[in-house]
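**Student:** need the 3D shape of this:
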Amino acid sequence: MPARTGAQYLESLRNDKREIWLNGEKVENVTTHPQFEGAAQSIAHLYDLQHQHPETMLMDSPDTGDKVGTTFMFPRSKEDLKRIQETTKIWAEASAGIMGRSPDYLNITFACYASRLDVWSRYGNDQGAKNLGEYFRFIRENDLCLTHSIVNPQVDRSVAEAEQGGGEVSLRKVGETEDSIIVHGARMLATLAPFSDEIVVYPSAGGQGIRHEDAHYALSFALPMDTPGLKFICRDSYSKQRDTFDYPLSSRFDEMDAVVIFDNVHIPKDRVFIDGNVDLYRELTDATNWRNYIVFQAMTRALTKLEFLFGLGHMIADMNGVNKFNHIQEKLGEIWSMKEMTRSALVSSIEGATTVLDGIYVPDERPLLALRGLMPKYIPRAMELIRLIGGGGFLLTPSKADMEGPLRGYIDQYYQARNAPAEEKIRLFRLAWDFIGSDMGSRGELYERFYLLDSFRMTAQAYLIADKEKDSNMVQKFMDEMTLHENNLVEK
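**Tutor:** Numbering: from 1, shown residues only. Just a heads-up that it's a prediction; the model follows:
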């Protein structure tokens, strides 16, 4: 099956028995449920965009010749990396960067993994590597949408995962049959779960600390969302069941987060990629260059978010006439600088790309890792600056019902802007508030702080991978010129 349309994607969601729970109720159909319908339609739009921009977003399958998504590509040139980035950018701009787990995130992850089956086959894991390669071809040829859950629940982070909750909480292998392994426990945080075709589990960067005695926690596999025993408990919905005039973003882009319960779930052995192989589990993130590819995707999306924030800030300041004041110009310049540093780092990651194996291009990790430590600070800071630029205006936004009510004449007179009518100003401020101040906006800010580990750990990682020799040699050169002469020494 070639690249899907939005209609085909929605039809796939209607035809399974996934167990999605929201507010104590089991959701029967996410495509029609009032809290999920908007996001389902938005993801369907992403699939339609592939067919509106086929020259960028589609490529020929190396197996069938059918048109498949570009984000499944093994990049073999810098131009390929640019094309993957352009595809991610088109999808990101469809939600102003809000949907952080759009399908390209895991498409790129599994393309990365499948390009490094040499790593997956280490330590005798030949069958797991074979399974992963076949699974990648399956999701590419069927254009599937995936969710993932790679972190165990928060219980007691001061002890090993295997010890949390008496060893009865974290996802683990509890049994095996001739055709399957059996797993039990829970994982967080399955973003996009209600809207995905399958769920995948693989090591997080934190998996490097797993102990050999806890091998039954070292797992990687994939399952259809309606597999018996899978249960998804969603957080509160931030989807607003009001007109898009009032909530232009919340009504459409709440991708949802969920905890996944694995209640003695049977995983077919041909869907298992790691089964207790601790050494491979520890090495996988670094050895496959996963971080390079996924931060490349994530920072492309983050750039889109910064571009949107700069546009909001400029338009608000211009409407209110405050962009002539230097303290407002300084705030807007700060957002622009974040945006430009992000864009420059992405260019650098492509231009500094290196090759592995038989010519697969890997983005340069250095500028990306620097961004990864900075972005959890950039976006919250940019959102704070928008609040300061807009000030009390965010609290003075009539609803659509007000706009269509008997007081419209007063609203037109008293809510006007310097260079725009009241309706235009209200649209802008409602849009901005939904991005920076609504419950979904607050979730977005928290997401940016932690979705690829926190700033503290990623900044520390930047130091650990840094090439210290060149810079240290320059310092040493000057130190070597600081000589002491024996005849200047005074004996005591």
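**Student:** ok, the residue nearest to Lys26 when sequence neighbours are not counted to Arg101 distance?
**Tutor:** In space, and not counting its chain neighbours, Lys26 is closest to Glu19: 6.5 Å by C-beta to C-beta, 6 or more residues apart in numbering. In short, each C-beta sits where N, CA and C put it, glycine included. Applying C-beta to C-beta, to the nearest Å, the value for Glu19 to Arg101 is 20 Å.
**Student:** okay, those two: which has more neighbours?
**Tutor:** Taking neighbours as other C-beta atoms under 10 Å, Glu19 and Arg101 compare with Arg101 leading, 25 against 18.
**Student:** give me the secondary structure label for the more buried one.
**Tutor:** Assigned by DSSP: H, G, I helix; E, B strand; the rest coil, the conformation of Arg101 is coil.
**Student:** my read: it touches Leu189, true?
**Tutor:** No - between Arg101 and Leu189 there is no contact under C-beta atoms under 8 Å: 9.9 Å.
**Student:** which residues does the residue nearest to Lys26 contact?
**Tutor:** Glu19 makes contact with 26, 226, 230-232 under the criterion C-beta atoms under 8 Å, 6 or more residues apart in numbering.
**Student:** what does stretch 390-405 contact?
**Tutor:** Applying C-beta under 8 Å, 6+ apart, the set of residues contacting stretch 390-405 is 242-243, 245-246, 316, 320, 387, 408, 411, 415, 423, 426, 429-430, 432-433, 437.
**Student:** wait, Ala3 sits on Met59?
**Tutor:** No - checked against C-beta under 8 Å, the pair Ala3 and Met59 is beyond contact range at 9.3 Å.
**Student:** can you pull the residues that touch both of the two?
**Tutor:** Shared contacts of Ala3 and Met59 (C-beta under 8 Å, 6+ apart): 67-69.
**Student:** now, these that are in strands?
**Tutor:** Counting by DSSP state E, the shared contacts of Ala3 and Met59 place 67-69 in strands.
**Student:** which one's the longest helix in this structure?
**Tutor:** Assignment by DSSP state H gives helix 290-320 as the longest helix of the chain.
**Student:** which other helices and strands contact the lengthiest strand in the chain?
**Tutor:** Counting residues, the longest strand found in the chain (DSSP E) is strand 258-268. Packing partners of strand 258-268 (3 or more C-beta pairs under 8 Å, 6 or more residues apart in numbering; DSSP states H and E): strand 180-188, strand 219-224, strand 230-234.
**Student:** packing partners of the lowest-mean-pLDDT helix or strand in the chain?
**Tutor:** With mean pLDDT, DSSP states H and E as the measure, the helix or strand of the chain carrying the lowest mean pLDDT is helix 455-465 (a mean of 87). Packed against helix 455-465 by the contact rule (3+ C-beta pairs under 8 Å, 6+ apart) you find helix 365-390.
**Student:** the same query, at a cut-off of 10 Å, please.
**Tutor:** Under the contact definition 3 or more C-beta pairs under 10 Å, 6 or more residues apart in numbering; DSSP states H and E, helix 455-465 sits against helix 290-320, helix 365-390.
**Student:** looking at these, which is buried most?
**Tutor:** With neighbours defined as mean count of other C-beta atoms under 10 Å, those peak in mean count at helix 290-320, which reaches a mean of 22.
**Student:** what's downstream of it, the next helix or strand?
**Tutor:** For helix 290-320, the following helix or strand on the C-terminal side (DSSP states H and E) is helix 326-351.
**Student:** buried set for stretch 243-250?
**Tutor:** Going by neighbour count (16 or more other C-beta atoms under 10 Å), the buried part of stretch 243-250 is 244-250.
**Student:** can you tell me which of those is closest to Tyr361?
**Tutor:** The closest of those to Tyr361 turns out to be Leu249 (C-beta to C-beta; 34.7 Å).
**Student:** setting aside sequence neighbours, what's the nearest residue to that closest one?
**Tutor:** Nearest to Leu249 is Asp434, by C-beta to C-beta, 6+ apart, at 4.3 Å.
**Student:** equivalent analysis for His212, please.
**Tutor:** Nearest non-adjacent residue to His212 (C-beta to C-beta, 6+ apart): Val278, at 5.1 Å.
**Student:** kindly report the same for Asp197.
**Tutor:** Spatial nearest neighbour of Asp197, chain neighbours left out: Leu144 (4.3 Å); criterion: C-beta to C-beta, 6+ apart.
**Student:** how near is that neighbour to Cys234?
**Tutor:** From Leu144 over to Cys234 (counting by C-beta to C-beta), the distance is 21 Å.
**Student:** okay, the two: which has more neighbours?
**Tutor:** Leu144 (22 against 19).
**Student:** got the domain ranges for the chain?
**Tutor:** Listed domain ranges for the chain are 6-287, 290-468 (source: automatic domain parsing).
**Student:** show the contacting residues for the residue most central in space within the chain.
**Tutor:** Among the residues of the chain, the one closest to the centroid is Gly100, at 3.9 Å (C-alpha atoms, centre = their mean). Shown in contact with Gly100 (C-beta atoms under 10 Å, 6 or more residues apart in numbering): 92, 191-192, 255, 297-298, 301-302, 305, 444, 447-448, 451-452.
**Student:** reformat the residues you listed as a markdown table; add pLDDT and distance to Gly333.
**Tutor:** Below are those laid out as a markdown table (pLDDT from 0 to 100; distance: C-beta to C-beta, whole Å):
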| residue | pLDDT | distance to Gly333 |
| --- | --- | --- |
| Ala92 | 98 | 24 |
| Thr191 | 96 | 33 |
| Leu192 | 97 | 35 |
| Glu255 | 96 | 32 |
| Gln297 | 97 | 28 |
| Ala298 | 97 | 25 |
| Arg301 | 97 | 23 |
| Ala302 | 97 | 19 |
| Lys305 | 98 | 18 |
| Gly444 | 92 | 23 |
| Tyr447 | 89 | 26 |
| Glu448 | 91 | 21 |
| Tyr451 | 83 | 27 |
| Leu452 | 77 | 27 |
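**Student:** how about those in JSON lines, adding distance to Glu213?
**Tutor:** Supplementary listing: these in JSON lines, determined by distance: C-beta to C-beta, whole Å:
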{"residue": "Ala92", "distance to Glu213": "42"}
{"residue": "Thr191", "distance to Glu213": "31"}
{"residue": "Leu192", "distance to Glu213": "34"}
{"residue": "Glu255", "distance to Glu213": "37"}
{"residue": "Gln297", "distance to Glu213": "35"}
{"residue": "Ala298", "distance to Glu213": "34"}
{"residue": "Arg301", "distance to Glu213": "39"}
{"residue": "Ala302", "distance to Glu213": "39"}
{"residue": "Lys305", "distance to Glu213": "42"}
{"residue": "Gly444", "distance to Glu213": "39"}
{"residue": "Tyr447", "distance to Glu213": "34"}
{"residue": "Glu448", "distance to Glu213": "36"}
{"residue": "Tyr451", "distance to Glu213": "30"}
{"residue": "Leu452", "distance to Glu213": "29"}
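**Student:** ok, these vs Leu171, which is closest?
**Tutor:** Thr191 (16.8 Å).
**Student:** return the residues in contact with the closest one.
**Tutor:** By C-beta under 10 Å, 6+ apart, the residues touching Thr191 are 99-101, 105, 147-149, 255-258, 447, 451.
**Student:** returning to what we had before: highest neighbour count among the shared contacts of Ala3 and Met59?
**Tutor:** For the shared contacts of Ala3 and Met59, neighbours tallied by other C-beta under 10 Å; top is Val68, 27 neighbours.
**Student:** re earlier: so the residue nearest to Lys26 versus Tyr247, what's the distance?
**Tutor:** Counting by C-beta to C-beta, the separation of Glu19 from Tyr247 is 28 Å.
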